[in-house]
Structures are given as structure tokens and as C-alpha cells.
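**Q** When you get a sec, could you give me coordinates for this:
(2 chains)
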Protein chains: 2
Amino acid sequence: MRISTLSEETGVSVASIKYYLREGLLFAGEASSATRSEYGPEHVARLRLIRALIDIGGLSVGAARAVLAAIDDDAMPIVHAFGIAQHAVTASLVSSTSPSAAAVARIDALKAERGWQVYEQNPGEAIAARVVDAYEALGRPDLIDVLPAFAEAAEIVARADLGAVLAVGADGRTRMVETVVVGTALGDGLFTGLRRIAQEHVARQLGLPGSSLDHPDEPKDDVS
Amino acid sequence: MRISTLSEETGVSVASIKYYLREGLLFAGEASSATRSEYGPEHVARLRLIRALIDIGGLSVGAARAVLAAIDDDAMPIVHAFGIAQHAVTASLVSSTSPSAAAVARIDALKAERGWQVYEQNPGEAIAARVVDAYEALGRPDLIDVLPAFAEAAEIVARADLGAVLAVGADGRTRMVETVVVGTALGDGLFTGLRRIAQEHVARQLGLPGSSLDHPDEPKDDVS
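**A** Coordinates of the predicted model:
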């Protein structure tokens, strides 16, 4: 297909496609004449991943290039390409302030309890440890008691995440990494929404006062 | 205690305390002379909640006032005060674009599967439904398959959330709502971090290529 069809197919403007070609994010098409190139389905898939990285993952073009290089390096095991993608979409959540040693030790203890083995570079540890620090700073160290339940839930979610990655088939590195990027970045929001719903449900279940489904803002008609 | 001690005790500047008094977020102290007021532990607790709402929950002063009014209204059941707090700390996550009817129906089906009963105003539904729409728009409706696992995990997290709320004791409305605000706003980040750790652990467990703990960036010493 020509560049105009590639643009229609993907919803990415011709100008953006040319920009990604110049920046080396998208590989060149096959030259069919001095001024024309042919593009194929691999360009469609690549463009989708580029837009997922930039629009959904919030990556800069430079950061997107690093993730794409990891996918293109066939010598790099797929799990490391995942790690690089995971780091990239998580970077905006990692603040420059380091967590305290005590908080890191608390997360390390949790990892040991659950038998979790991960590299030290895993971006999740600092994020979790800084929340532990925040609970302490707010005078609410009691909130740390939620850790084991949160960890159990995180493992259930992670199994679903990896299930989605494996479901696309091991041959499609681009699509597997796309799944990591889209699933990780958007999955945070999905979980946030479901947690809000579940909180209200559990509050009712526990019979907190006023938790019937009679809404206080909608007074019932007086039938008298 | 005097206002200067209240400031030291809470880490909130005297100027901010006076501002919260003027804005009606903090109730006045007991006048001990024409120019002096006495403050007590209830002011310390209230100031902590005000800062949690504004600094952690990201609320405006106006939004914080609405949450505080709900706490102060003893006729309002505590579960509704929770709902108002939950809405307030979630507002920044709710975009103005409405989710599609199909996505809302998908979340409604999930609620029915799990037996979740919630008000229509629960802010989580729109958040989750918009992620479902995003999966569709990205050509990845397959990712919706993670929903049941995410919902199971959300309920585990919600039980821990409500456990923390109830652990503070039903008499402390201020502290219960503080727990909702702090636990909801910071808990999102805690879960995000743990999910990243668990993803790497599960990738290893599933034996993805290259997922041993030998790190590729740290070549092993050649012992020859």
C-alpha cells in the first residue's frame, strides 16, 4: 500500500508517518519507484505500537525509540524487551525522591513473603515504597497493614496481564510488547475504576450505616 | 494549645491555619481572651484531614469544604460521607468524555457477575468503561478478557481498604473519612507499584525466554 493508504488504515497523518520514518521509529517501505514506497501490514502493526507508546504510554519519541530498539534486537530475550517497555510506561510515575531504607525493607519483606523474585531495577519497588513512606509521614503507619492483600491482588492482576501477552502468540514480538504497553498503562486506570466500585459494594456488605440502595438524594415518593 | 503550637504539632503554617479558619474548613478554637484562642486535639485531627484532602487527594479548597461538611453532618450516614470523599479524590481521574453505552453495558455485566450493587453515581464505572472503549479504539478488544481477574483483585483490595477504615473505630468519623481519602488516593499508587513487581515475577514463573535472574546488563566474570 502507499503512504496515503497506510495513513487511512492507521489514522496516523502522513506528516506524522514521515516524521517517524525520519526519526527511525518506523522502518522504510520498499521503494517501488524513485518517489514511491510500498508499505505492508508490518508497518500497520508498527505504527499502532508507536502510537500506543506515545499516546497511551506517554513516552517521548526518544523513549519510544529505545523500546522499539529492544523489540528489534532479536538477540534480546523477550522478557527484557518487556522490562524495558514496563520501565518506559512507568517512568512518569517514578519521582526523583528516593524511598527510605525502612520502606524499601518493608517491600523487600513482602517480596520474600510472596516468593517474588525480581531485578533490583524493577520500577514498582520505589513506587510502592514511597507510598509506605507517605503513610508514615501522614501518621498513618496502620495503613501499611493493607500490603499483603494488595500484593495478593497484584499477583492476580499480573497473571491476567501475562495471560493477555501470551495469548497473542510468541511469534509476534511487536504485538506482545504492544500488549505490555497498552495493558500496563491502561490497566492501571481499569483497576482504579473497579476498585471504586468494589469499595462501595464491600461497604454495603459490611453493613455500614446508610449503605442500603435507597439513595438519600432521591427522596421516595410519599405514598400516603 | 495556642495557634503557634497547633502549627508546630501539625506542620501546617500559622498563615494556612488562619486561612482554613476564614474559609470555614477548620472550626474556631475556644476564645481565651480577646485576641487568643485555644485549640485541642480535635483541631489537630481536622488539620491532618484538611491536608490529606488537599495535598494527597488533590482537592480544591471548595471540594475539601464539601467533604468536611458531609463529615460534620451527623444526620448523614457515614457511608454517604465515604461516597462523597471517594468522589472528591476520584474527580481528577474522570474525564469529560462519556463512555460508550456498550462499554457501560460491559461493566454492568461484570457487576452482575460479581453481585456488586452500587449507585449509578459511583465514579468507578465511567473510569473502567472508558478503558474498555480505549481497548476497542486501539483494536485490542481481546484485552477486555482481563476484566474478571481485575474485578476479583479489586474486591480483595476493597476488603483491605474497608478493613482499614473500620479498624480506626466507628466513633471517629473524621479519622474514618481520612482513611478513605488517604487510602484511596495513595492506594492507587501502592497497587500500581506492586503490580509492576508481580508482572516481572509472573513472567519468570511462566518461563518467558530470558527470564532467569542473570541480568544481561551485568556480564558474568569469565572464570577461565
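
**Q** Which elements pack onto the lowest-mean-pLDDT helix or strand in chain A?
**A** The weakest-scoring helix or strand in chain A, judged by mean pLDDT, DSSP states H and E, is helix A:78-90 (a mean of 80). Secondary-structure packing of helix A:78-90 (3 or more C-beta pairs under 8 Å, 6 or more residues apart in numbering or on different chains; DSSP states H and E): helix A:61-72, helix A:123-137, helix A:173-205, helix B:173-205. (Each C-beta comes from the backbone N, C-alpha and C, glycine too.)

**Q** Next, the angle from the next helix or strand after that helix to helix A:123-137.
**A** The helix or strand immediately downstream of helix A:78-90 is helix A:101-114, counting by DSSP states H and E. When axes from the mean of the first three to the mean of the last three C-alpha atoms, to 10 degrees is applied, the directions of helix A:101-114 and helix A:123-137 differ by 120 degrees.

**Q** And for helix A:101-114, what's in contact with it?
**A** Helix A:101-114 has contacts (C-beta atoms under 8 Å, 6 or more residues apart in numbering or on different chains) with A:116-118, A:125-126, A:128-130, A:132-133, A:136, A:144, A:147-148, A:151-152, A:155, B:193-194, B:197, B:201.

**Q** 6 Å - rerun?
**A** A:E125, A:A128, A:A129, A:V132, A:D133, A:L147, A:A151 (C-beta atoms under 6 Å, 6 or more residues apart in numbering or on different chains).

**Q** do stretch A:172-182 as well
**A** Residues from elsewhere that reach stretch A:172-182 (C-beta under 6 Å, 6+ apart): A:45, A:49, A:52-53, A:56-57, A:71, A:81-82, A:85, A:89, A:164-165, A:168, B:138, B:140.

**Q** Between all of these, which two are separated the most?
**A** Within those, two members stand farthest from each other by C-beta to C-beta: A:A81 and B:L138, at 19.3 Å.

**Q** Please say which of the two ends up with more neighbours.
**A** A:A81 (24 against 17; other C-beta atoms under 10 Å in any protein chain shown).

**Q** Excluding chain neighbours, give the residue nearest to the more buried one in space.
**A** Residue nearest to A:A81 in three dimensions, not counting chain neighbours: A:A70, with 4.3 Å by C-beta to C-beta, 6 or more residues apart in numbering or on different chains.

**Q** any chance of the helices and strands packed on helix A:78-90 in CSV, plus mean pLDDT and mean neighbour count?
**A** Converted to CSV, the helices and strands packed on helix A:78-90 look like this (pLDDT from 0 to 100; neighbours: other C-beta atoms under 10 Å in any protein chain shown):
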stretch, mean pLDDT, mean neighbour count
helix A:61-72, 86, 18
helix A:123-137, 90, 22
helix A:173-205, 89, 24
helix B:173-205, 89, 24
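
**Q** do you know which of the ones you listed lies nearest B:G62?
**A** helix B:173-205 (15.7 Å).

**Q** Run the angle between the closest one and helix A:173-205 for me.
**A** Relative orientation of helix B:173-205 versus helix A:173-205 (the same axes, to 10 degrees): 150 degrees.

**Q** Next, the angle from helix B:173-205 to helix A:78-90.
**A** 150 degrees.

**Q** between helix B:173-205 and helix B:61-72, how many degrees?
**A** Using the same axes, to 10 degrees: helix B:173-205 against helix B:61-72 is 110 degrees.

**Q** what's the distance between the residue positioned nearest the centre of chain A and B:R196?
**A** In chain A, the residue lying closest to the centroid (C-alpha atoms, centre = their mean) is A:T184, at 1.9 Å. Distance of A:T184 to B:R196, computed by C-beta to C-beta, to the nearest Å: 8 Å.

**Q** for A:L26, same thing?
**A** Distance, A:L26 to B:R196, using C-beta to C-beta: 28 Å.

**Q** Could you do A:L147 as well?
**A** With C-beta to C-beta as the criterion, A:L147 and B:R196 are 15 Å apart.

**Q** Then A:V89?
**A** For A:V89, the distance to B:R196 (C-beta to C-beta) stands at 10 Å.

**Q** Then A:L59?
**A** Look at A:L59 and B:R196: by C-beta to C-beta, they are 16 Å apart.

**Q** Same check on A:V67?
**A** 16 Å.

**Q** likewise A:L53?
**A** Between A:L53 and B:R196 the distance is 17 Å, computed by C-beta to C-beta.

**Q** Please apply the same query to A:L143.
**A** Counting by C-beta to C-beta, the gap from A:L143 to B:R196 is 20 Å.

**Q** How about A:S32?
**A** A:S32 is 44 Å from B:R196, by C-beta to C-beta.

**Q** Skip the chain neighbours and tell me the closest residue to A:L194.
**A** Using C-beta to C-beta, 6+ apart, the nearest residue to A:L194 is B:A154, at 3.8 Å.

**Q** helix/strand/coil for that neighbour?
**A** Following DSSP: H, G, I helix; E, B strand; the rest coil, the label given to B:A154 is helix.

**Q** I'd say it and A:Q199 touch.
**A** No: counting by C-beta atoms under 6 Å, A:Q199 is not a contact partner of B:A154; they are 8.5 Å apart.

**Q** Between the two, which contacts overlap?
**A** By C-beta under 6 Å, 6+ apart, no residue touches both B:A154 and A:Q199.

**Q** residues touching A:P41, list them.
**A** Residues near A:P41 by C-beta under 6 Å, 6+ apart: none.

**Q** any chance you could read off phi and psi for it?
**A** phi -60, psi -30 (degrees, to the nearest 10).

**Q** What count of nearby residues applies to A:W116?
**A** 24.

**Q** which residues does it contact?
**A** Residues near A:W116 by C-beta under 6 Å, 6+ apart: B:I197, B:H201.

**Q** Next up, phi/psi of it, please.
**A** The phi/psi pair for A:W116 (degrees, to the nearest 10) reads phi -80, psi 120.

**Q** Same check on the one 4 residues further on?
**A** Taking degrees, to the nearest 10, you get phi -60, psi -20 for the backbone angles of A:E120.

**Q** got it, and A:A31?
**A** A:A31 has phi and psi values of phi -70, psi 120 when expressed as degrees, to the nearest 10.

**Q** A:Y39 is in contact with that one, correct?
**A** No: applying C-beta under 6 Å as the test, A:A31 and A:Y39 come out as separate, 11.2 Å apart.

**Q** Who has more neighbours out of those two?
**A** A:Y39 (23 against 10).

**Q** residues in contact with that one?
**A** Residues near A:Y39 by C-beta under 6 Å, 6+ apart: A:M1, A:L6, A:G29.
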